[in-house]
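Engineer: I would like to see how this sequence folds:
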Amino acid sequence: MKIKSFSTNTLYYAIGIVAIRFTTFLLIPLYTEFLSKEDYGLLATLLFTTEIIITINDVGMRSAIMRFFSEYNLNNKLNELIGSSTFINILSGIVLVIFASFIPEEYLSKLFQVSVLNNVILLTILVGIARSLSLNILSYFRAKGLGNAYMYISIASSVVLVITTWYVLQNSNWGINGVLYAQIFSYGLMWLFVILWIYKKDGIKIDISTSKMLFKFGYPLILATSGTILVTTSGNYFLGSFRNLEAVALLAVGYKVATIGIMILIAPFQLAYEPYVFSNKNNPKLKNIITKIITYIALAYIIVSIFILYIFKYLIELIGNGGYTDSYLFVFLLIPALGFTALNYIGQSLIHLNNKTKTTGFISFIVTVISIVISYFATKFYGTFGTILGINFYLIASGLVLFYYGNKEFTVPIESKRIGVILISGIFLFIAFYALSLYSNLIFYSISTLLILCYIAAFYLSDFFHIEEKRIIDKGISTILNYAKLG
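Structural biologist: Okay, the predicted model is just below:
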């Protein structure tokens, strides 16, 4: 896969994930319109729980498909790879459904001191399974470098999800259960469409030896891929138990806004980066390419984060008729630590180049346990701020430790000077934005607009970028201006 293809696919993935993320925000007004703040807090907790189900049901199959795709494709055994990974996911789903049948709804009622509808636990499990199957089958397009197909299917499934959610909330009294039914239908339909498409094109075959190999590679990654959501979800459960579900609702909105940077930048980067690295593991220039990628992703994340803070200073006031304005502070507290997710992904890829997934799993397990303990006690004494402390500890610690060990497996030099400039300038900008957020929107937007323009201009006019990098930037600006003129 060439670097140009890597960039193009990153753009396609970004568009697809932006569609999914935009869908999430389209759904928030629906949730806050048809559900009470308490019900939305419970729904947010359940949807966080589905993220855990996704990673358990996944059993590391997404990473396994990326790792072994080129080998199986070269040997014309792609049908075995797809069929065996899907087989493992379906078996995992059956086990989870059986497990769900033993969990009484009364448990949630007692924990949060609210009434819970029948079958809500089973439906939550089924949502996680449907989402896991759909995400895993999309790995086929990632591995083949078909970013455009990934984009089209993501957009289509997002449209279906919005329509079905609106329909059940508008035309039924199912409440939270209706939202879960809509998700099961939308993601299940998308998975069925893609699996039939793959079956027609490449066929599907279940091979026991391949299944064993994939499971052996993938199962240690359960904690590596679920650490963030385990800490986040447990924190929400602690917050709902020690405080109330309204506090969970406020944190959920802040968290969703803060993770926009991941959805529009880091997640698309990771989707394109992983297959690129594994298909170029013997490329002598790979280390230098990863070095530059780290610098670029750090700068891009700072800029994206600032724009998130800029845009949502006003937009967050519109959510729930102004009932979620306190969430804006949580966005400030979460965004910096979420940036370490990129370092986490890069560190994992360096470790996985040598197939040492158990190292990733062990590190993630230790950091996750410590983070959950911190989250429990911090939430008990400090409420929402304690929950955020637990989340941030995991994000920063896992990113740094995984990258440290990954760098020992596959040494990648760091551009310390440029990274230092990015971090120091980013800290200054965050402090300035927080200070401005305490004033009216007029003052905030007047001064912050000037700050953003000066920040970007300073990087461009200084010697931060190398000559060839400036040429690429100039060419990009010229292309955009030409498109604007044609339009």
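Engineer: what sits against Phe464?
Structural biologist: Phe464 sits next to Arg418, Val421 when contact means C-beta atoms under 8 Å, 6 or more residues apart in numbering. Heads up, the C-betas are built off the backbone N, CA and C, glycines and all.
Engineer: Equivalent analysis for Thr295, please.
Structural biologist: Residues near Thr295 by C-beta under 8 Å, 6+ apart: Glu415, Arg418, Ile419, Ile422.
Engineer: Can you tell me how far the first one is from Glu469?
Structural biologist: Yep, that's Glu415 we're talking about. Counting by C-beta to C-beta, to the nearest Å, the gap from Glu415 to Glu469 is 12 Å.
Engineer: Please apply the same query to the second one.
Structural biologist: Summarising the geometry, the distance separating Arg418 from Glu469, computed by C-beta to C-beta, is 11 Å.
Engineer: more crowded one of those two?
Structural biologist: Applying other C-beta atoms under 10 Å to Arg418 and Glu469 shows that Arg418 carries more neighbours, namely 18 against 13.
Engineer: before we move on, the earlier item: of all the contacts of Thr295, which comes closest to Thr124?
Structural biologist: Ile422 (39.8 Å; C-beta to C-beta).
Engineer: Confirm for me that that closest one is in contact with Ser305.
Structural biologist: No. If you go by C-beta atoms under 8 Å, Ile422 and Ser305 don't touch, sitting 11.7 Å apart.
Engineer: Could you check which of the two has the larger neighbour count?
Structural biologist: A direct count of neighbours by other C-beta under 10 Å for Ile422 and Ser305 places Ser305 higher, at 24 against 21.
Engineer: residues touching the more buried one, list them.
Structural biologist: Contact analysis of Ser305 by C-beta under 8 Å, 6+ apart lists Gly261, Ile335, Pro336, Gly339, Gly426, Phe430.
Engineer: Only the C-alpha atoms, please, for stretch 168-181, written as PDB.
Structural biologist: Provided in PDB are the C-alpha atoms of stretch 168-181 (Å, rounded to 0.1, in the frame of the first residue of the first chain):
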ATOM      1  CA  VAL A 168     -39.600   4.100  17.400                       C
ATOM      2  CA  LEU A 169     -39.400   7.100  19.700                       C
ATOM      3  CA  GLN A 170     -42.100   9.000  17.800                       C
ATOM      4  CA  ASN A 171     -44.500   6.200  17.300                       C
ATOM      5  CA  SER A 172     -44.100   3.900  20.200                       C
ATOM      6  CA  ASN A 173     -43.900   4.000  24.000                       C
ATOM      7  CA  TRP A 174     -40.900   1.600  24.100                       C
ATOM      8  CA  GLY A 175     -38.500   4.300  25.400                       C
ATOM      9  CA  ILE A 176     -35.000   2.900  26.000                       C
ATOM     10  CA  ASN A 177     -35.900  -0.500  24.600                       C
ATOM     11  CA  GLY A 178     -37.100   1.200  21.400                       C
ATOM     12  CA  VAL A 179     -33.600   2.800  21.000                       C
ATOM     13  CA  LEU A 180     -32.000  -0.600  21.500                       C
ATOM     14  CA  TYR A 181     -34.300  -2.300  19.000                       C
END
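Engineer: Can you list the buried residues in that stretch?
Structural biologist: Neighbour-count burial for stretch 168-181 flags Val168, Leu169, Gly175, Ile176, Asn177, Gly178, Val179, Leu180, Tyr181 (criterion: 16 or more other C-beta atoms under 10 Å).
Engineer: Enumerate every residue touching the nearest residue to the last one once chain neighbours are set aside.
Structural biologist: Spelled out, that is Tyr181. Leaving aside its chain neighbours, Tyr181 sits nearest to Val168 (6.1 Å; criterion: C-beta to C-beta, 6 or more residues apart in numbering). By C-beta under 8 Å, 6+ apart, the residues touching Val168 are Trp174, Gly178, Val179, Tyr181, Ala182.
Engineer: Quick check: Val168 vs Ile54, distance?
Structural biologist: When distances are taken as C-beta to C-beta, Val168 and Ile54 turn out to be 22 Å apart.
Engineer: Thank you, goodbye.
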